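A.B. asks: fold the following for me, if possible:
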Amino acid sequence: MKHKRFIIIVLISLSGFFLYLPLFNSFEFYFYDHLLTQRYKDRGSEKDVVIADIDEKSVKKRGSFSSWNRSIYSDLISKLEKKNISVLGFDILFLDSKSGDSLLIKSFSKVPVVTGYEFTDSDPYNFIYPDSVFKNSENLFSRSMDIKNIDFVSKDIVNFGVEEIQLSSSKSGHLMIEQDSDGVTRKVPLLISYLGRVYPSFSLSIVLEKVGATLKDIQFKENALVINGRNRKLEIAVDDKFRYVIPYSGTWKTFRTISFVDILEKYIGKRTFKEKVVLVGTSKQGLYDLRTIPGGYRIPGVEIHANVINSILKEERIRFLPIYYNILVTLVLLISIVVVIYLIKNVLFSITALLVLFSGFIYSVNYLFKAELIYLDHTRPLMIFSIATITAFIFKYYYEKKDKSFISKTFGKFIPNIVADQLLKSKEELVLGGEKREISMMFVDVKNFSNTTENMDPEQLVHYLNRFLGVMSNIVKSNYGTMDKYLGDGFVALFGAPLDNDHTYLSCKTAFEILDSVKRLRGDLKETPFSNLEVCIGINTGEVTIGNIGSDELFDYTAIGKNMNLASRIESLNRYYNTSVLIGERTKDLLGDKFSSMLVDKVTVKGHKIPVEIYTLLRNKTEENIVFEKGVKFYIEGEFEKAADIFKKCNDSLSKIMKKRIKDIILSKDLWEGYYRYDKK
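C.D. replies: Residues are numbered from 1 along each chain as shown. The predicted model follows:
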């Protein structure tokens, strides 16, 4: 047992080490994205940020975007000034001077405006910005500080665009949007270091303007930025590089989105923009500003900025639990696996318990994220859980199969396999005792066995008998029956115990398969006394006591009771009616229409006072069978003349037997009770 546990522990430990390699980051991304997409809201549900969209409609009406006169933006500002907006942000790069710049710059005094610039990895010789910009606008663009002990995202190249436009705006920020290794944007750097200075993002600059703060009003804490604004104090959760993980509110148009040209040309109510942050950006595909967000959705970059601004102002943040929480959760899951698999013997129960544990963990992770935006990396714990579960089950299955094989080889010749299974599960279960249960019992016997085999050599007899019984046993087991005992040239089989099933159907199905198999055996044994092999089968269904019966030293899994005895008596009646299969009344009732049957007689047998109807199984019920059955009913009711007339019309052995029966009853002059008595077996 020790070496089993050691192997399992080693495998689980190796899997745990392996799963914490960066290779599995993609799986973590997938599960994280799945959680995040569950909080996505309906279109237009976020009201605090409005997007002025330079869309296809705007381009069709005002011409190619690259040819726009910048006075169009001053027209927009004039419109929005009347709407009493709080901040206007341009998610647009003003890289070169154009006509209309002077009107645009002049309009900046009407509303607080935040512009954008880019950090780029392009050729640094394509753009050289004058030093005066940095000297004259330290508060606008950046903050000088000792950044040696703080790890920011750093860049080597920047393109601020048109100097006059940037210097005229209230604030400015970089438009950089990061992508993870799978191309999905999950976080943005709020601050970037460049040549010894720190530069805010476009979204952060808008937040600063909204709360009445500058870069100097930011305090740096571990994994947080604290903004002490005139209007409001904010704390923003960031990672170790001061990147903000975006708790997305939804996909494209989660925020109120209005066509740029509609703002210019149509009347839009003041309430739409009052005290709102308005962002100018584009959703037009040809302008290459579409980004991928969790869930695989493609949205414009301006919508990402809107999500960042909205989430910061609402003080929403995704909290990532430290790695030691993952390790603790993983250990708890592993201990639970060991407890469940090795203490719960029933495989179905142990699987159910593990599924409950698995579901409970998933539910907890989902609840934490949905209710509190707390993220626990469940990817690796779940993978370790799955690997450990599969590994433990494989080892358990391997060693139990090995033990089962030993038990089967040792005890299989003496007790049924089902009892061997009980022994494997628990030796304590293999004790004396039983239970009441309704089952179907089958007795099978070879017709005229003594006469057929009296001249056979003993070894030859045993050979053919073993062959016959071996085939019969396989048929019984294939139909989920239990071979109860061999009775010389016959055997007893039980259906419905210990496994509860459709025992009446399975027992009757087995009977037909036995008859077919006997027919084949006769063909294979043409030159032997078994060439005329025939069997009698009796099936009865009823309540019996079933279980391990015997002494402490020697016992057998079997059934006892009057219904067991009745099954034996029914089998013996085949010889009187020249039939192969007879079934009891209860068997016929439970069988329904799954197989055809025909009423043969109503009898009492030795040891049983209550009369029972007996039926023979039929593959197909013919018109002649129906007529015969009608005659039997007249016979049972004591209308012997009607019964005799019907039996005369049927030219078969059963009809002849019943005609003689009626004649004997009439001659005996005994009082007819509606059934025939068999006082002998």
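A.B. asks: how about the helices in the stretch 501-650 of the chain?
C.D. replies: Assigned by DSSP state H, counting those that start in this stretch, the stretch 501-650 of the chain shows helices spanning 503-524, 562-572, 574-577, 585-591, 623-636, 640-649.
A.B. asks: my bad, should have said the stretch 351-500 of the chain
C.D. replies: Under the criterion DSSP H, counting those that start in this stretch, the stretch 351-500 of the chain contains helices at 379-411, 417-425, 449-453, 458-478.
A.B. asks: circling back: now mean pLDDT and distance to Ile657 too, for the helices of the stretch 501-650 of the chain, in TSV please.
C.D. replies: For every residue, glycine as well, the C-beta is placed using N, CA and C. Shown next, in TSV, are the helices of the stretch 501-650 of the chain (pLDDT from 0 to 100; distance: least, C-beta to C-beta, whole Å):
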stretch	mean pLDDT	distance to Ile657
helix 503-524	94	21
helix 562-572	95	15
helix 574-577	93	6
helix 585-591	96	20
helix 623-636	94	11
helix 640-649	92	9
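A.B. asks: deepest of the ones you listed, which one?
C.D. replies: Comparing those by mean neighbour count (mean count of other C-beta atoms under 10 Å), helix 562-572 ranks first with a mean of 22.
A.B. asks: for that helix, packing partners?
C.D. replies: On a contact count with 3 or more C-beta pairs under 8 Å, 6 or more residues apart in numbering; DSSP states H and E, helix 562-572 meets strand 433-446, strand 535-550, strand 581-583.
A.B. asks: let me know which of the ones you listed is the nearest to Glu118.
C.D. replies: Of all the helices and strands packed on helix 562-572, strand 433-446 sits nearest to Glu118, with 80.5 Å by C-beta to C-beta.
A.B. asks: next, the buried residues of the closest one.
C.D. replies: Residues of strand 433-446 classed as buried by neighbour count (16 or more other C-beta atoms under 10 Å): 434, 437-446.
A.B. asks: what is the lowest-pLDDT residue among those residues?
C.D. replies: Ranked by pLDDT, these bottom out at Gly434 (72).
A.B. asks: of the buried residues of strand 433-446, just say which sits nearest to Leu175.
C.D. replies: For those, the nearest to Leu175 is Arg437 (77.0 Å; C-beta to C-beta).
A.B. asks: that closest one contacts Gly547, doesn't it?
C.D. replies: No - applying C-beta atoms under 8 Å as the test, Arg437 and Gly547 come out as separate, 9.1 Å apart.
A.B. asks: low-confidence ranges in the stretch 401-550 of the chain?
C.D. replies: Along the stretch 401-550 of the chain, the parts satisfying pLDDT under 70 run over 402-433, 452-453, 455.
A.B. asks: mind redoing it with 90?
C.D. replies: Low-confidence segments of the stretch 401-550 of the chain, defined by pLDDT under 90, are located at 401-435, 447-468, 477-478, 480-489, 496-501, 522-533, 546-550.
A.B. asks: can you pull out the helices in the stretch 101-250 of the chain?
C.D. replies: 101-107, 131-136, 138-141, 163-168, 202-211.
A.B. asks: Val280 in helix, strand or coil?
C.D. replies: strand (DSSP: H, G, I helix; E, B strand; the rest coil).
A.B. asks: how close does it get to Arg70?
C.D. replies: 12 Å (C-beta to C-beta, to the nearest Å).
A.B. asks: Gly281 too?
C.D. replies: For Gly281, the distance to Arg70 - C-beta to C-beta - is 16 Å.
A.B. asks: what does Ala392 give?
C.D. replies: 68 Å.
A.B. asks: can you check Val603 too?
C.D. replies: Distance from Val603 to Arg70, by C-beta to C-beta: 109 Å.
A.B. asks: and what of Val581?
C.D. replies: The gap separating Val581 from Arg70 is 99 Å, by C-beta to C-beta.
A.B. asks: between these two, which one's more packed in?
C.D. replies: Applying other C-beta atoms under 10 Å to Val581 and Arg70 shows that Val581 carries more neighbours, namely 24 against 20.
A.B. asks: assess the claim that the more buried one and Ile537 are in contact.
C.D. replies: Yes - contact criterion C-beta under 8 Å: Val581 and Ile537 qualify, at 4.5 Å.
A.B. asks: name the residues contacting each of these two.
C.D. replies: Shared contacts of Val581 and Ile537 (C-beta atoms under 8 Å, 6 or more residues apart in numbering): 511, 515, 574.
A.B. asks: what sits against the closest residue in space to Tyr678 that isn't next to it in sequence?
C.D. replies: Leaving aside its sequence neighbours, Tyr678 sits nearest to Val605 (C-beta to C-beta, 6 or more residues apart in numbering; 4.9 Å). Each residue near Val605 by C-beta under 8 Å, 6+ apart is listed here: 566, 569-570, 573, 612, 678, 681.
A.B. asks: as TSV, the residues you listed with distance to Lys660 would be great.
C.D. replies: Shown next, in TSV, are the contacts of Val605 (distance: C-beta to C-beta, whole Å):
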residue	distance to Lys660
Leu566	25
Arg569	21
Ile570	21
Leu573	16
Val612	22
Tyr678	15
Lys681	21
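A.B. asks: in those residues, find the pair that's most separated.
C.D. replies: Among these, Val612 and Lys681 lie farthest apart (C-beta to C-beta), at 15.4 Å.
A.B. asks: more neighbours, the two?
C.D. replies: Neighbour count, other C-beta under 10 Å: between Val612 and Lys681, Val612 has more, with 19 against 11.
A.B. asks: for that one, what are its contacts?
C.D. replies: Shown in contact with Val612 (C-beta under 8 Å, 6+ apart): 566, 584-585, 602-605.
A.B. asks: try 10 Å
C.D. replies: 540, 542, 566, 569-570, 584-586, 601-605, 675 (C-beta atoms under 10 Å, 6 or more residues apart in numbering).
A.B. asks: roughly how far does it sit from Asn540?
C.D. replies: 8 Å.
A.B. asks: identify the contacts common to these two.
C.D. replies: Residues touching both Val612 and Asn540 (C-beta under 10 Å, 6+ apart): 566, 569-570, 584-586.
A.B. asks: quick check: the two most widely separated of these?
C.D. replies: Arg569 and Arg586, at 14.0 Å, using C-beta to C-beta across those.
A.B. asks: Gly631 and Asp645 touch, don't they?
C.D. replies: Yes - the pair Gly631 / Asp645 is scored as a contact, 8.0 Å apart, by C-beta atoms under 10 Å.
A.B. asks: what do those two both touch?
C.D. replies: Among the neighbours of Gly631, those also in contact with Asp645 (C-beta under 10 Å, 6+ apart) are Glu639.
A.B. asks: Leu321: how many residues sit nearby?
C.D. replies: A count of nearby residues for Leu321, using other C-beta under 10 Å, gives 14.
A.B. asks: wait, I meant Arg661
C.D. replies: The tally of other residues near Arg661 (other C-beta under 10 Å) stands at 18.
A.B. asks: next one: the one 4 residues further on
C.D. replies: The burial count assigned to Ile665 is 15, neighbours taken as other C-beta under 10 Å.
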